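# Provided below for reference: sequence and predicted model.
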Amino acid sequence: MTTENGQTTASQMADAASRFLDSLSPDQTARTTFHYQDGERVLWYYPPLNRHGLALRDMDESQRELAMAVMATGLTEQSNGQAKLIIEHEAVLGPLEKEQNQVTFDRDPELYYWTVFGDPKSEDPWAWRVEGHHISIHFSVWKDKVISSTPFFFGSNPAEVRKGSKKGLRILGAREDLAFELMESLDSGQRSKAIIYATAPLDILTYNGSRVSLPPEEGLQASQMSGTQKELLMGLAAEYVNQLHPDLAEEKLKALRDGGLEGIYFAWGGPVQKGTPHYYRLHGMPFVAEFDNRQDGANHIHSVLRDFDNDFAIDVLREHLLLYHIL
């Protein structure tokens, strides 16, 4: 698909990544780039830690603008704004942890890393990643097509800012509110099917696995919901899919609208009460979305969109008989 300026999303990504790479020194390039076949490409995590790639703190102002332009090519205006807020959120969390005497990491908005795998100027597959505390986004590109846009992780701590100049800010509030609205719409029989855990799991169950590993679909199937409930479910699914650039999201949403939604299961863990630890997931092969708000007094969100078959473009490349050692 093409964007308003006539470019495909893939070509926009290639152009933005090339401009970013061209701005780097040899040392910066060595830290930023890996071969596409490198196993680093399928390693990901969402806590604060040192990562491979080039951190914002090691870029000059013009390089930071170019790096942010790369990130924007995969996102909508809204999700790009959320990503920036998550980065800025480190400045909220740091003082909060000091106040509570719970300092465990350096909460630094400059500790977000950009990594490129392969050569965006070539005809071969290549990929890019932006990762740091509560952000891990991955896009794989081949020729003129984005062949994977998952895993896609956003988190927020605190989930709701409860004091200070940003009081009331809920970066990921919609995906929590929609889920509660759906749960509250269920009758007792539907709710008993939807609730699969009495208490919320400690984290998202897919965690940071390179491949999705989950039990078979569990919970309440969309085919057992009313029309209004299906609309709520579709809205919740769209909350995750619409993080992606519209050209990428539309294909996934169309698949759901054209019958795929009926096969989605909605599962819940924990009480159906705001302010208490809770968890949910949407699961219908190959679509998986997970949400967990358990830590820090149920004020700490982890959420992720996964593709059961094609995270990191593994399935697309297998189909085209590109046999990399990581498969």
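That came in fine, so what should we check first?
# so where is the protein shaky, pLDDT-wise?
For the chain, the stretches flagged by pLDDT under 70 are 1-6, 318-327.
# how about 80 then?
Residues of the chain meeting the criterion pLDDT under 80: 1-6, 317-327.
# Would you mind giving the domain segments of it?
Domain assignment for the chain by automatic domain parsing gives 9-150, 173-309.
# thought Ile264 was touching Leu233?
Yes. Contact between Ile264 and Leu233 holds when scored by C-beta atoms under 8 Å: they sit 6.5 Å apart. Backbone N, C-alpha and C define where each C-beta goes, glycine included.
# ok, then the element right after the helix or strand hosting His283?
Using DSSP states H and E, His283 maps to strand 278-284. Counting by DSSP H and E, the next helix or strand C-terminal to strand 278-284 is strand 287-293.
# hey, C-alpha coordinates of the helix or strand just after that next one in CSV?
Counting by DSSP H and E, the next helix or strand C-terminal to strand 287-293 is helix 295-298. Only the C-alpha atoms of helix 295-298 are listed here, as CSV (Å, rounded to 0.1, in the frame of the first residue of the first chain):
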residue,chain,number,x,y,z
GLN,A,295,2.6,-4.6,39.9
ASP,A,296,2.9,-1.5,42.1
GLY,A,297,-0.6,-1.8,43.5
ALA,A,298,-2.2,-2.4,40.1
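# that older thread, between Ile264 and Leu233, which is the more surrounded one?
In this view Ile264 and Leu233 are compared by other C-beta atoms under 10 Å, and Ile264 has more residues nearby, 26 against 23.
# So for the more buried one, what's the nearest residue that isn't a sequence neighbour?
Nearest non-adjacent residue to Ile264, counting by C-beta to C-beta, 6 or more residues apart in numbering: Gly284, 3.8 Å away.
# if I pick that neighbour, what's in contact with it?
Contact partners of Gly284, counting by C-beta atoms under 8 Å, 6 or more residues apart in numbering, are Glu217, Ala222, Gly260, Leu261, Gly263, Ile264, Tyr265.
# joint contacts of Ile264 and Leu233?
Both Ile264 and Leu233 are contacted by Ala222, Leu282, under the criterion C-beta under 8 Å, 6+ apart.
# Val288 contacts Arg306, doesn't it?
Yes. Counting by C-beta under 8 Å, Val288 does reach Arg306; the two are 4.3 Å apart.
# shared neighbours of these two, anything?
Residues touching both Val288 and Arg306 (C-beta under 8 Å, 6+ apart) are Thr206, Val212.
# any idea how far the strand holding His283 is from the chain center?
15 Å (C-alpha atoms, centre = their mean, to the nearest Å).
# same check, this time on stretch 104-112
Here stretch 104-112 is found 19 Å from its chain centre; the criterion is C-alpha atoms, centre = their mean.
# And stretch 145-152, by the same measure?
Computed by C-alpha atoms, centre = their mean, the chain-centroid distance of stretch 145-152 equals 11 Å.
# next one: stretch 101-118
Its chain's C-alpha centre and that of stretch 101-118 lie 16 Å apart, by C-alpha atoms, centre = their mean.
# Which stretches in the stretch 51-200 of the chain count as helices?
In the stretch 51-200 of the chain, the segments counted as helices under DSSP state H, counting those that start in this stretch are 61-72, 77-88, 90-99, 173-185, 188-194.
# and the angle for the longest one with helix 77-88?
Compare the direction of helix 173-185 with that of helix 77-88 by axes from the mean of the first three to the mean of the last three C-alpha atoms, to 10 degrees and you get 110 degrees.
# and what of the third one?
For the pair helix 90-99 and helix 77-88, the angle between their directions (the same axes, to 10 degrees) equals 30 degrees.
# what about dumping the CA coordinates of helix 90-99 to PDB?
This file holds the C-alpha atoms of helix 90-99, laid out as PDB (Å, rounded to 0.1, in the frame of the first residue of the first chain):
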ATOM      1  CA  GLU A  90      11.000   7.800  33.100                       C
ATOM      2  CA  ALA A  91      11.200  11.300  34.400                       C
ATOM      3  CA  VAL A  92       7.900  10.700  36.300                       C
ATOM      4  CA  LEU A  93       8.900   7.300  37.600                       C
ATOM      5  CA  GLY A  94      12.400   8.200  38.800                       C
ATOM      6  CA  PRO A  95      11.400  10.800  41.400                       C
ATOM      7  CA  LEU A  96       8.500   8.600  42.500                       C
ATOM      8  CA  GLU A  97      10.800   5.600  43.200                       C
ATOM      9  CA  LYS A  98      13.200   7.900  45.100                       C
ATOM     10  CA  GLU A  99      10.400   9.200  47.200                       C
END
